[in-house]
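Q: From the sequence below, what's the structure:
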Amino acid sequence: MPSALINVPAKAQRGSVIEIKTLTSHIMETGYRHTASGDVVPRDIITSFICRFNGAEVFRADLYPAIAANPFITFFTTVTESGKFEFEWIGDKGFSETAQASIKVE
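A: As a prediction, the model looks like this:
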């Protein structure tokens, strides 16, 4: 599986509300589990997700240990012009993932 899957409509009417869906591959280890020998499994989660449209932030989410592995995030936004969405996931241990998707507004 690619590390990030993005679902953005290819086209939309000016001023319409669109749904955006994202799925990224990540173990999301909470830091609360222990190994069979009793050692704590270190926390390793995605801590934030940001979506920008033509450089302007349109959605942000802070993520915490209770989020499932391979987090699925869906949200709505309004589009008034054609452009590019940029998605960014940031996490523990230097994790960083980005993706892009374009939309044509008619």
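Q: so residue 75 touches residue 49, yeah?
A: No - between residue 75 and residue 49 there is no contact under CB atoms under 8 Å: 9.5 Å. Every C-beta, even on glycine, is put in place using the N, C-alpha and C of the backbone.
Q: Pick out whichever of the two has more residues nearby.
A: Counted by other CB atoms under 10 Å, residue 75 and residue 49 do not tie: residue 49 has more neighbours, with 22 against 15.
Q: Run through the residues that contact the more buried one.
A: 22, 59, 60, 61, 63, 71, 73, 87, 88, 89, 90 (CB atoms under 8 Å, 6 or more residues apart in numbering).
Q: nearest spatial neighbour of it, skipping sequence neighbours?
A: residue 61 (4.6 Å; CB to CB, 6 or more residues apart in numbering).
Q: which residues of this protein fall in strands?
A: Using DSSP state E, the strands of the chain run over 4-7, 11-12, 17-24, 46-53, 56-62, 72-78, 83-91, 96-105.
Q: of those strands, which approaches residue 39 most closely?
A: Nearest of these to residue 39, taken as CB to CB: strand 83-91 at 21.4 Å.
Q: now the closest one, how far from the centre of its chain.
A: Offset of strand 83-91 from its chain centre (CA atoms, centre = their mean, to the nearest Å): 7 Å.
Q: try stretch 93-100
A: 9 Å.
Q: Put the alpha carbons of that stretch into PDB.
A: What follows is stretch 93-100 as a C-alpha-only set of coordinates in PDB (Å, rounded to 0.1, in the frame of the first residue of the first chain):
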ATOM      1  CA  LYS A  93      10.600   9.900  15.700                       C
ATOM      2  CA  GLY A  94      10.900  12.400  12.800                       C
ATOM      3  CA  PHE A  95       8.000  11.000  10.900                       C
ATOM      4  CA  SER A  96       6.900  13.200   8.000                       C
ATOM      5  CA  GLU A  97       4.700  12.400   5.000                       C
ATOM      6  CA  THR A  98       3.300  14.600   2.300                       C
ATOM      7  CA  ALA A  99       0.900  14.200  -0.600                       C
ATOM      8  CA  GLN A 100      -0.800  16.500  -3.200                       C
END
